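Peer 1: Build the 3D model from these lines:
(chains A and B)
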Amino acid sequence: MIERTPILNAVTYFIMFLGLLLILGPFWMIFAASTQSLAEVNTVPFNFMPGTDFLHNVQEAWHRANLGPALFNSLVTSLLVMTGKIIVAALSAFAIVYFRSPLRHFFFWMVFLTLMLPLEVRVIPTYNIAADVFEPVRWLIQTLTGVELSLQWNLLNSYSGLVLPLIATATGTFLYRQFYMTLPDELAEAAKMDGARPLRFFIDILLPLSRTNMLALATIMFVYAWNQYLWPKLMTTEADYQTAMVAMRSLIPSVNSLPEWNISMAGALIIMLPPLTVVAVLQRWFVRGLVSTEK
Amino acid sequence: MSGPSYFLVYDRNAGPVDLMNKRAVFKSWWLPMAFALPQLLLIFFFFYWPATSVLTWAFSLEPAFGGVGERLFVGWDNFRDVFADTEYWRSVSLSLFFAFSATALSMFIAFVLAICVDRQLKGSGLFRFFYIWPYAIAAPAVGLAFRFIFAPESGLIAVVNTWSPDLWNPAKFGSHAMILVIVCFAWKWIGYNFIFMTAGLQSIPRSLIEASAMDGSGPVRRAFDLQIPLLAPTLFFLLVLNLTESFVGPDTYGIVDLTTEGGPNKSTDVMVYRIVSEAFRGLNYSGAAAQSLVLIALIMLFTFIQFRYVERRVHYK
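Peer 2: The predicted structure follows:
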């Protein structure tokens, strides 16, 4: 604070409190609704005091949306996507930064251009290739040699299918690249002088140094993966592989049944809790991950 | 930022990225390939192969009755069909309205909050802590929650219907449904915009603020004459990013799917939602592919604008 401005300070606090209402209000309503009974949740105007039915609502939502397996699937796929993205990012950024291969600009641009191909514009063909991953391989071999192979790999309704198409990462690659660029050149020179080969330098020096970077990337990628909706919705037709985000759909009260918003909100609360915890508890890392290369 | 500007590219999530060179490099022709291989395979199988399918489908037609055989090349016919459809143009204008309203609302609120928090009054850290939360919530979850909060018979807004029936009903009126999806998107993105705006404000040198305070300018004056102009690059970056995300982003799909499903009467049938539902329910692959190409072209345009702007900013520094 530079000068005394009591009136302006009061106005600032007022606006900030309004902002807090706007941000936390929905969270509070979700929470309050999830603790109320069917009659309470449908009172108009809305009663902001929590009720006593929380456990019952959670149980009901758990059962209705099959949340046990769904949350497990979400956790497994999110951790796999997160780990996969970090590995792929660290590796490809290393290839771009520490080697002067003539292909690296081509590679970099290929990765960059994936940003312009979001899933929504290539849903059907991505679905098709997930149903038959080796299609391009068969096509290639047939055009080159004329041999027809019967190689098949179907990713639909499997963890590989939930994970693999989400692992490629332009953002992660840029983040890692940016990190490598900030390291002094002397590091690699010294390592080379000591006779370290690239792989050793990568494993013993770069990876340990990138721990903060890794954590920042991990937080944003975990939230990203947990919150995936369209892809898991498309490719899982069997309930066994449904993720929590997809299960959320079964919590919408249907038009012809009771408006059981208390149960919907209890389910929504549970499903949104893991990424919210990451952002709240690891906020420093999360913000760093988002902002770090925007300089 | 240093290095030649023609090596600069722009990432929607990571910001400007430049391709400078390292002095100490390793020599090997196969190692970089091996390191790049995982990413190369993934983008080939799940990005570029599907993208070529989109390209072929957009310019050809499926043989009738699901028959086998070569696809029929039809040139620009699919595009002509798409552009001749009045429903398509309605969807385009709905998308435009949605994108601009959601972006404006979200950025305005985030901006006001960021300016307030940046005054660093006592306890503002606590406010900052909570303002980031919406970004953690998935679009479908936001959709479900706001569907309840804005429901016509329960939740927060339902009280207006006790004054007069049907004063608010997003399940019945298209304009109400549109307001609902705009609010969902704007609310979720307040968190993201706030993060970047506070980061931008923090990067303004403290000495500059103090110097202008010495010259007698108050906080409001400093906000308008100092902070806003210096924040302009961040604001521009966020503007383009918000527009892109609301126009073609996954959040728009998730929100629409959980709140209105494009209805009532297709009044929230925005382009992303339309493409996905047309491809899956209508099984109109060629039409969806043509619409996808239009969207990809739009994304490229947005990215190009970012790109131009980054180059300019680099020259200024």
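Peer 1: Identify the spatial nearest neighbour of the most centrally placed residue in chain A, chain neighbours not counted.
Peer 2: Centroid check for chain A by C-alpha atoms, centre = their mean gives A:Tyr224 as the closest residue, at 1.5 Å. Excluding its sequence neighbours, the residue lying closest to A:Tyr224 (C-beta to C-beta, 6 or more residues apart in numbering or on different chains) is A:Val81, at 7.7 Å. The way it works is simple: take the backbone N, C-alpha and C, and place the C-beta from them, glycine included.
Peer 1: these two touch, right, the one you found and A:Val163?
Peer 2: Yes. The pair A:Val81 and A:Val163 passes the contact test of C-beta atoms under 8 Å, sitting 5.4 Å apart.
Peer 1: Tell me which stretches of the stretch 101-250 of chain A form strands.
Peer 2: With DSSP state E, counting those that start in this stretch as the definition, the stretch 101-250 of chain A shows no strands.
Peer 1: show me where pLDDT drops low in it?
Peer 2: Of all residues in the stretch 101-250 of chain A, none has pLDDT under 70.
Peer 1: can you map out the helices along it?
Peer 2: Residue ranges of the helices in the stretch 101-250 of chain A, as given by DSSP state H, counting those that start in this stretch, are A:104-113, A:123-131, A:135-145, A:159-167, A:170-182, A:185-193, A:198-200, A:207-209, A:211-226, A:230-235, A:244-247.
Peer 1: Give me the angle between the helix or strand encompassing the residue nearest to A:Tyr224 and helix A:104-113.
Peer 2: Applying DSSP states H and E as the criterion places A:Val81 in helix A:67-98. Put simply, helix A:67-98 runs at 150 degrees to helix A:104-113, going by axes from the mean of the first three to the mean of the last three C-alpha atoms, to 10 degrees.
Peer 1: counting contacts, what elements does helix A:67-98 pack onto?
Peer 2: helix A:104-113, helix A:159-167, helix A:170-182, helix A:211-226, helix A:244-247, helix A:261-281, helix B:31-43 (3 or more C-beta pairs under 8 Å, 6 or more residues apart in numbering or on different chains; DSSP states H and E).
Peer 1: Run the angle between the longest one and helix A:67-98 for me.
Peer 2: Orientation note: helix A:261-281 sits at an angle of 30 degrees relative to helix A:67-98 (the same axes, to 10 degrees).
Peer 1: And for the last one?
Peer 2: Angle between the axes of helix B:31-43 and helix A:67-98 is 140 degrees (criterion: the same axes, to 10 degrees).
Peer 1: what residues does the next helix or strand after helix B:31-43 touch?
Peer 2: For helix B:31-43, the succeeding helix or strand toward the C-terminus, using DSSP H and E, is helix B:49-58. Helix B:49-58 is contacted by residues A:117, A:121-122, A:124-126, A:128-129, A:135-136, B:71, B:78-79, B:285-286, B:288-290, B:292-293, B:296 when judged by C-beta atoms under 8 Å, 6 or more residues apart in numbering or on different chains.
Peer 1: Need phi/psi at A:Tyr229.
Peer 2: Dihedral pair for A:Tyr229: phi -130, psi -60, per degrees, to the nearest 10.
Peer 1: That one: what's its closest spatial neighbour, skipping adjacent residues?
Peer 2: B:Gly254 (4.5 Å).
Peer 1: quick one, what contacts the one you found?
Peer 2: Applying C-beta under 8 Å, 6+ apart to B:Gly254 gives the contacts A:Tyr229, A:Leu230, B:Ala138, B:Ala139, B:Pro140, B:Val142, B:Gly143.
Peer 1: residue contacts, the first one?
Peer 2: The reference is to A:Tyr229. So A:Tyr229 contacts A:Met245, A:Val246, B:Ala138, B:Ala139, B:Pro140, B:Pro250, B:Tyr253, B:Gly254, B:Asp257 (C-beta under 8 Å, 6+ apart).
Peer 1: Put together a markdown table for those, with distance to B:Asp166 on each row.
Peer 2: Below are the contacts of A:Tyr229 laid out as a markdown table (distance: C-beta to C-beta, whole Å):
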| residue | distance to B:Asp166 |
| --- | --- |
| A:Met245 | 33 |
| A:Val246 | 33 |
| B:Ala138 | 31 |
| B:Ala139 | 28 |
| B:Pro140 | 27 |
| B:Pro250 | 33 |
| B:Tyr253 | 29 |
| B:Gly254 | 28 |
| B:Asp257 | 25 |
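Peer 1: these two touch, right, B:Ala136 and A:Val281?
Peer 2: No. Using C-beta under 8 Å, B:Ala136 is not in contact with A:Val281, being 10.7 Å away.
Peer 1: Between those two, tell me which one has more neighbours.
Peer 2: More neighbours surround B:Ala136 than the other of B:Ala136 and A:Val281, with 24 against 11 (other C-beta atoms under 10 Å in any protein chain shown).
Peer 1: what about that one, distance to B:Pro233?
Peer 2: Per C-beta to C-beta, to the nearest Å, B:Ala136 is found 26 Å from B:Pro233.
Peer 1: now B:Ile149
Peer 2: Taking C-beta to C-beta, one finds B:Ile149 at 35 Å from B:Pro233.
Peer 1: Also A:Ser160?
Peer 2: According to C-beta to C-beta, A:Ser160 stands 41 Å off from B:Pro233.
Peer 1: Tell me which of the helices and strands packed on helix A:67-98 is the most buried.
Peer 2: Comparing the helices and strands packed on helix A:67-98 by mean neighbour count (mean count of other C-beta atoms under 10 Å in any protein chain shown), helix A:244-247 ranks first with a mean of 26.
Peer 1: Show me what it is packed against.
Peer 2: Judged by 3+ C-beta pairs under 8 Å, 6+ apart, helix A:244-247 is in contact with helix A:67-98, helix A:230-235, helix A:261-281.
Peer 1: Reformat these as CSV; add distance to B:Leu226.
Peer 2: Compiled in CSV, those are given as follows (distance: least, C-beta to C-beta, whole Å):
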stretch, distance to B:Leu226
helix A:67-98, 37
helix A:230-235, 42
helix A:261-281, 31
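Peer 1: Now B:Ile132. Its backbone dihedrals?
Peer 2: Reported as degrees, to the nearest 10, the phi and psi values for B:Ile132 are phi -80, psi -20.
Peer 1: Identify the residues contacting the residue nearest to A:Tyr224.
Peer 2: Listed by C-beta under 8 Å, 6+ apart, the contact set of A:Val81 reads A:Val163, A:Leu166, A:Ile167, A:Met221, A:Tyr224, A:Ala225, A:Gln228.
Peer 1: returning to that earlier point: which one of the contacts of B:Gly254 has the most neighbours?
Peer 2: Busiest of these [other C-beta under 10 Å] is B:Pro140, holding 30 neighbours.
Peer 1: List the contacts of that residue.
Peer 2: Contact analysis of B:Pro140 by C-beta under 8 Å, 6+ apart lists A:Tyr229, A:Met245, A:Met248, A:Arg249, B:Gly254, B:Ile255, B:Asp257, B:Leu258.
Peer 1: Which secondary structure state is assigned to it?
Peer 2: For B:Pro140, the assignment made with DSSP: H, G, I helix; E, B strand; the rest coil gives helix.
Peer 1: Could I get the pLDDT score of it?
Peer 2: Predicted confidence (pLDDT) for B:Pro140: 93.
Peer 1: okay but A:Val287 is in contact with B:Ile132, surely?
Peer 2: Yes. When contacts are counted by C-beta under 8 Å, A:Val287 is listed as touching B:Ile132 (6.9 Å).
Peer 1: Next, show the common contact partners of those two.
Peer 2: B:Ile195.
Peer 1: quick one on the thing from earlier: would a markdown table of the contacts of B:Pro140 with distance to A:Ala190 be doable?
Peer 2: Shown next, in a markdown table, are those (distance: C-beta to C-beta, whole Å):
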| residue | distance to A:Ala190 |
| --- | --- |
| A:Tyr229 | 47 |
| A:Met245 | 47 |
| A:Met248 | 52 |
| A:Arg249 | 55 |
| B:Gly254 | 49 |
| B:Ile255 | 52 |
| B:Asp257 | 54 |
| B:Leu258 | 54 |
